[in-house]
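1. what follows is a predicted structure for the sequence shown.
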Amino acid sequence: MLKKIAIEKISQLVAVLMEKGTLLAPVKEISGHNFAQILDPQKVDLNFYNTILSPKGAFFPHKEDFVKYKIGKPLAEAEPAVLNLKPAFLFGVRPCDVKSFEIMDIHFDAAGIIDPYWRARREATTIFGYAYDLSVPVDSADFYNTLGINAADPEGSDIFMVKNDKELLLKGITPKGKKLLGELSVLAKASSGDEKYFEGYIKKGKEYKTRFLSLDQDAVAKKLEDIFDNTDFWTRMSSACLSCGICTFVCPTCYCFDICDDTLFGKGTRRRVWDACMFTDFTLEASGHNPRAQVYQRLRQKISHKYSYHIRKYGVISCVGCGRCTRSCPVNIDIYSIVSDALKA
Amino acid sequence: MININPYIPVPVQISKIINEVDTNDIKTFRFTFLNKEDEQNFKYMPGQFAELSIYGKGESPIGIASSPTQQGFVEFTVQRAGVIVPGLVTSALHDMDEGAQIGIRGPLGNSWPIEFLEKKNIVVVGGGFAFTTLRSLINYMLHKDNRSRFGEITVIYGARTPGLLLYKDELAAWEKRDDIKSVITVDKGDESWKGRQGFVPAVCKEVAPSPKNTVAVICGPPIMIKFTLPVFFDLGFSRGNIITSLEMRMKCGIGKCGRCNVGYKYVCIDGPVFSLAELEELPRDY
């Protein structure tokens, strides 16, 4: 089922989705685009390469309240946060970011204890994937081809969108997406020519080349284990690192968090907030012992987690090659180059 | 666990506080659950831990010091932190009186491998403050319903001074029993100390337990571990028959927050208990 809407009418589609629930879509900010909750349909801007922050915040927000309490009062009086989620629509997600949700699902929603917040937000949300614009040159930081993802890959999206000169084409991929498309009367039926264009675009997406490294998952996992004690290598790789943690905050598959108590005037909130393995006190123990006090140990942890430990634990690399960490790094550290060099170390 | 939010603690009340040491910085807290249902859900085995939770301060992962054979309460022996890091939770707990309420999340982590230990001789080696989950294990094994499941039990426990030995009443009671061999030592005695003097590794060498059908369960400060392991290697213990428990900084305790990993293992769910054979497979990142 393929539908379409004229580009100048996208705000009408946006308005319908806003009526149905919460809409998160790219908006233009001072230094680039980011996903934000849409309150004004005109704010949605699909003319972006990719957002600065990944869309993981839709399911794993920067701050997630667990419970509110009054200090010194019995625990029974504490009030656990109630999510009360409306249906949500995550609109305009690039294929590599769509893939990241699948990787995060394993951690939060399949392995061991289920994270109730991730699951609830994920279940409430319909994902509108959005092919990269193949007429725009690929960013030099991107390497999602290395992770088996291409620029117009509809897999994982509920609805997948491709733009041509005048229209936005939308195809239902999952039952959830197909059902929603059927309900959106603002959309027009696509012609057989549109169908051809859509399918052709998906195919063409495979030829839109990012940086590529031929990776055997098990081999790279093993290699990183083998060079764990190669301190010279890790010191060299991390020599410029400022431990600022931006690579983890922009990353779609970084999930480390802290649990904090925030108090003021006798009231408090316990919540989780994003944390970063690049921070010195991330592993600082009460005794004062810190297994990862040195920057090389922390960068080694970050790379090994994504390209070794995660494979051993969950069977997948915890990276989608979106290029954000490389683009955001103030000192030009590039995870692709580190993995590439590690294989030769 | 889906219906129960794993991040929200359940309420417990401090029913007893025992000042364990003469430096006053280690206390055992006995907690009773305020809700029967929470108590029933808190089914644990020796070696597991829980997050002690104080609203306004935070949470602290602490090993369970009581044994599941003791009904109606759960105990934790807690050192007041704060020399190097603030120690918000442990300090707040130490300042509390009996009757105060806190939260608890757990039980968490794996446990001492009870099935593996069955029908074997057990040598428990502890040093200093790291004796809490070992005490849980010993009391579990000594319980009348369990004692016959294990072979000979030997306990070698040391502290820097007599005043720093934990669970003094129980140590004295074990000395009187004939179904446990307990060897208590201090690095340096005082005028009233009539017992043994000497470091744990040296005492282990002297006691020289046979490795035959025997598992050593060892917990202590890194320096003790460092010098004790070679003694057990020399005695002929295999890496698979030496069991220990790791500590790492933790937050969630359920394998989600990402900070307590050693290689691909999370100490909070894959541990804290590991055999030396397992640890040697992992990167030295702890």
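-> Done, it's in.
2. which strands and helices lie in contact with the longest helix along chain B?
-> Secondary structure of chain B per DSSP state H: the longest helix is helix B:222-235. Helix B:222-235 sits against strand B:121-127, helix B:200-207, strand B:214-219, strand B:242-245, with contacts defined as 3 or more CB pairs under 8 Å, 6 or more residues apart in numbering or on different chains; DSSP states H and E. To be clear about C-beta, it is placed using only N, CA and C from the backbone, and glycine gets the same treatment.
3. at 6 Å what do you get?
-> Under the contact criterion of 3 or more CB pairs under 6 Å, 6 or more residues apart in numbering or on different chains; DSSP states H and E, helix B:222-235 touches helix B:200-207.
4. in the helix it packs on, what counts as buried?
-> Going by neighbour count (16 or more other CB atoms under 10 Å in any protein chain shown), the buried part of helix B:200-207 is B:200-201, B:203-205, B:207.
5. kindly report the same for stretch A:112-130.
-> For stretch A:112-130, the neighbour count (16+ other CB under 10 Å) marks A:113-119, A:121-122, A:124-130 as buried.
6. which other residues reach the helix or strand hosting A:Leu23?
-> Per DSSP states H and E: A:Leu23 is located in strand A:22-29. The contact list for strand A:22-29 (CB atoms under 6 Å, 6 or more residues apart in numbering or on different chains) reads A:17, A:33, A:35-38, A:43-45, A:48, A:51, A:58, A:86, A:88-92.
7. pull out the buried residues from those.
-> Buried members of those, scored by 16+ other CB under 10 Å, are A:17, A:33, A:35-36, A:38, A:44, A:48, A:51, A:58, A:88-92.
8. ok, the residues you listed vs A:Lys344, which is closest?
-> Taking CB to CB as the measure, A:Thr51 is the one of the buried ones among the contacts of strand A:22-29 closest to A:Lys344, at 32.8 Å.
9. my guess is the closest one meets A:Asn34, correct?
-> Yes - between A:Thr51 and A:Asn34 a contact is recorded at 5.0 Å, counting by CB atoms under 6 Å.
10. now find how far off-centre the strand holding A:Leu23 is within its chain.
-> Taking CA atoms, centre = their mean, to the nearest Å, one finds the center of strand A:22-29 at 15 Å from the center of the full chain.
11. partners of the next helix or strand after that strand, with directions?
-> As assigned by DSSP H and E, the chain's next helix or strand after strand A:22-29 is strand A:32-37. Strand A:32-37 sits in its sheet next to strand A:22-29 (antiparallel), going by DSSP bridges.
12. average pLDDT across the strand it pairs with?
-> Averaging pLDDT along strand A:22-29 yields 97.
13. list the buried ones in that strand?
-> By neighbour count on 16+ other CB under 10 Å, the buried set for strand A:22-29 is A:22-27.
14. in helices, which of the contacts of strand A:22-29 fall?
-> A:Leu17.
15. on that earlier part again, which of the buried residues of stretch A:112-130 are close to chain B?
-> Restricting those to those touching chain B (CB under 6 Å from any CB of the partner chain) yields A:113-116.
16. and those residues, which two are the farthest apart?
-> Pairwise over those, using CB to CB, the maximum falls at A:Ile113 and A:Pro116, 9.3 Å.
17. list the contacts of the residue in the stretch 1-150 of chain A that chain B sits nearest to.
-> Chain B sits closest to A:Leu75 of the stretch 1-150 of chain A, with a gap of 3.7 Å, by CB to the nearest CB. Residues counted as contacts of A:Leu75 (CB under 6 Å, 6+ apart) are B:11, B:103.
18. please identify the helix or strand for the residue nearest the centre of chain A.
-> Among the residues of chain A, A:Pro252 comes closest to the average C-alpha position under CA atoms, centre = their mean, at 2.7 Å. Here A:Pro252, judged by DSSP H and E, is contained in no helix and no strand.
19. what's the spacing between it and chain B?
-> Here the criterion is CB to the nearest CB, to the nearest Å. By it, A:Pro252 lies 15 Å from chain B.
20. does that residue touch A:Ser100 like I think?
-> Yes - counting by CB under 6 Å, A:Pro252 does reach A:Ser100; the two are 3.5 Å apart.
21. what residues does chain A put near chain B?
-> By CB under 6 Å from any CB, the residues of chain A that approach chain B are A:66-67, A:69, A:71, A:74-75, A:80, A:112-116, A:228, A:255-259, A:261, A:263, A:268, A:282-283, A:285-286, A:288, A:291, A:309, A:312-313.
22. among those, which are located in strands?
-> Using DSSP state E, A:66-67, A:69, A:80, A:257-259, A:261, A:263, A:268 are the members of the residues of chain A next to chain B that sit in strands.
23. show me where the stretch 101-250 of chain A has its strands.
-> Using DSSP state E, counting those that start in this stretch, the strands of the stretch 101-250 of chain A run over A:125-130, A:159-163, A:167-172, A:188-189.
24. actually the stretch 1-150 of chain B, sorry about that
-> B:10-19, B:26-33, B:49-54, B:58-63, B:74-79, B:101-108, B:121-127.
25. pLDDT score assigned to B:Arg284?
-> Predicted confidence (pLDDT) for B:Arg284: 89.
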